[in-house]
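Chemist: Make a model of this:
(one chain, ligands or ions: 1)
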Amino acid sequence: MSNYPKLHMIIDGEKVSGGGRNTFDVVNPATGETIGALPMAEAADLDRALEVAEKGFRIWRKSTPQERASVLQGAARLMMERKEDLARVATMEQGKPLAEARIEVMMNVGLFNFYAGEVSRLYGRELVRPEGTRSTIRLEPVGPVAAFAPWNFPIGNPGRKLGAPVAAGCSVIMKSAEETPASALGVLQCLLDAGLPKEVAQAVFGVPDDVSRHLLGSPIIRKLSFTGSTVVGKHLARLATENMQRTTMELGGHGPVLVFDDVDVERVLNTAVPGKYRNAGQVCVSPTRFIVQENVFEKFRDGFVERAKALKVGDGLAEDTQMGPMANPRRPEAIDAMIANAKEKGATLHTGGERIGNQGFFYAPSVLSEIPLDADIMNEEPFGPVALINPFRSEDDMIAEANRLPYGLAAYAWTEDYKRQQRLGAELEAGMVGINSHMIGGADAPFGGVKWSGHGSEDGPEGVRACMVTKAVHEG
Ligand code: NAD
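Modeler: A predicted model of the protein is given here:
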């Protein structure tokens, strides 16, 4: 297909492709057509990237805050200038509506500008000690980072994976998802064009398990940053123990949404329905389990179904599309199986539950209700356009259901009762809680989970600090 860029890796600033390397077919999920051939790294490519990353760390750890700020601000400016191109490419390879892809660009612009300010606030402290002696606590960049970014936010995930190490004075080797490589390369190119030394940030692709074993098997790598499923996260965390690499793990979720009977149901639906079907539900903080107080249950469910049916599903490149295809053929298969299992267990399917058309990976916005708690979909992250709506009687029951699963990424609650809002803020086991809002992020706010949803944060001051270590220096 025309106007999809030629694909390559970026190692030591060089665009690496060809040379008899294996390739991976990149597919447009709206059409099912192959749009690009991505070169896959061989062991020698990864060794070269590691050697360069070591050099890059020696260069960048000595950079001044002003140099780092200038690169981050420059990259933010370039992303603004290239916004339409970046967004179009992301939609071509991932499927989401253009409007959502544009928001991802703006998220990166905000994050890079925030980090540009944050770099001058990365200081330690001096302890009170007898005269003639001195004890200082220094913050230092951790070292070369291996960063793995998934396909669901093809622009935003690479922005997080690159932005924090660059701000902290680290080097980074990024392996973003093979399904969405051009978006990641577009973000990295903005940093390089803004003056980032070529040794500091590189992009490789390959067989994920081969690449992660190779990079984490090297003592050069001092930190692992991963976003993806809990299963893969646990596997990578185990690999990282061998070289005692520090980790930031941004894993799966199963977002509970508590809807109490004191709310304006229409107002909640105005937020909850677009929130559920954003990116066809392929969002780690997606609102998933709707835990609805029984007095408003029927009104909420019926309103949800009506709005889900009215959504315009289509190619993300069309400006009026509200929901695009799923990102790859694995997702509709997984959702079909989960919905079939829920129906077998006794759940009611109100709408959806089927693919749309015979090209690409489209799936109809779906709503299930009265789903038994032992259905797979009530326990595993669906990562798809399915709302799960169940009735509950009391606040205690609702909180117990919200905290039932081992996941703890995002949780949401809707209630007008001020005291209850406070209780929920304290009681919900999640890294991020939205009360009467589904806006739970921002460049200045930590983003991350607890329990099986991972540990550490991205974004905010915490995101940069996660790429730094503390050192105590005592002078006698
Ligand atoms: P997956 O679990 O195999 O892959 C998820 C991501 O991890 C992909 O980007 C993949 O390239 C990467 N990955 C897989 N194995 C890896 C390895 N050994 N080393 C390094 N990276 C590796 O499966 P998938 O089909 O792509 O996605 C399925 C599930 O992943 C979803 O159901 C969802 O639960 C989860 N997921 C979560 C996020 C998130 O934002 N937290 C994003 C994408 C996928």
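
Chemist: List the contacts of Asn295.
Modeler: Asp261 (Cβ atoms under 8 Å, 6 or more residues apart in numbering). C-beta here means a position set from N, CA and C on the backbone, and glycine is covered the same way.

Chemist: so how many other residues sit close to Leu72?
Modeler: 26 (other Cβ atoms under 10 Å).

Chemist: and the chain, which of its residues are near the ligand?
Modeler: Within the chain, the positions adjacent to the ligand are 148, 150-152, 177, 208-209, 212, 227-229, 232, 235-236, 250-252, 284, 330, 381, 383 by Cβ under 6 Å from any ligand atom.

Chemist: among those, which are in strands?
Modeler: Using DSSP state E, the subset of these located in strands is Phe148, Thr227, Glu250.

Chemist: need those in a markdown table with pLDDT and neighbour count, can you?
Modeler: Formatted as a markdown table, those follow (pLDDT from 0 to 100; neighbours: other Cβ atoms under 10 Å):
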| residue | pLDDT | neighbour count |
| --- | --- | --- |
| Phe148 | 98 | 25 |
| Thr227 | 98 | 26 |
| Glu250 | 98 | 28 |
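
Chemist: quick check, nearest of those residues to Arg134?
Modeler: Lowest distance from Arg134 to those (Cβ to Cβ) belongs to Glu250, with 38.3 Å.

Chemist: Hmm, that closest one is touching Gly448, no?
Modeler: Yes. Here Glu250 reaches Gly448: they are 6.0 Å apart, a contact under Cβ atoms under 8 Å.

Chemist: Now Asn22. Nearest residue, chain neighbours left out?
Modeler: Met40 (4.5 Å; Cβ to Cβ, 6 or more residues apart in numbering).

Chemist: Next one: that neighbour, what pLDDT does it get?
Modeler: Per-residue confidence (pLDDT) for Met40: 98.

Chemist: same question, Ile173
Modeler: 99.

Chemist: Does it touch Glu199 like I think?
Modeler: No. The pair Ile173 / Glu199 is not scored as a contact, 10.8 Å apart, by Cβ under 8 Å.

Chemist: Compare the two and say which one has the larger neighbour count.
Modeler: Ile173 (26 against 20).

Chemist: Can you list the buried residues in stretch 38-49?
Modeler: Leu38, Pro39, Met40, Ala41, Glu42, Asp45, Leu46, Arg48, Ala49 (16 or more other Cβ atoms under 10 Å).

Chemist: for stretch 330-345, same thing?
Modeler: Arg331, Pro332, Ala334, Ile335, Met338, Ile339, Asn341, Ala342.

Chemist: Tabulate the CA atom coordinates of that stretch in CSV.
Modeler: The C-alpha trace of stretch 330-345 is given here as CSV (Å, rounded to 0.1, in the frame of the first residue of the first chain):
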residue,chain,number,x,y,z
ARG,A,330,-5.9,-13.0,17.8
ARG,A,331,-8.3,-10.5,19.4
PRO,A,332,-11.6,-11.4,17.7
GLU,A,333,-10.8,-15.0,18.2
ALA,A,334,-10.2,-14.4,21.9
ILE,A,335,-13.4,-12.4,22.3
ASP,A,336,-15.5,-14.9,20.5
ALA,A,337,-14.2,-17.6,22.8
MET,A,338,-14.8,-15.5,26.0
ILE,A,339,-18.4,-14.6,24.9
ALA,A,340,-19.2,-18.2,24.1
ASN,A,341,-17.9,-19.3,27.5
ALA,A,342,-19.9,-16.6,29.3
LYS,A,343,-23.1,-17.6,27.4
GLU,A,344,-22.6,-21.2,28.3
LYS,A,345,-22.3,-20.2,31.9
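
Chemist: Give me the below-cutoff pLDDT ranges for the protein.
Modeler: 1-2 (pLDDT under 70).
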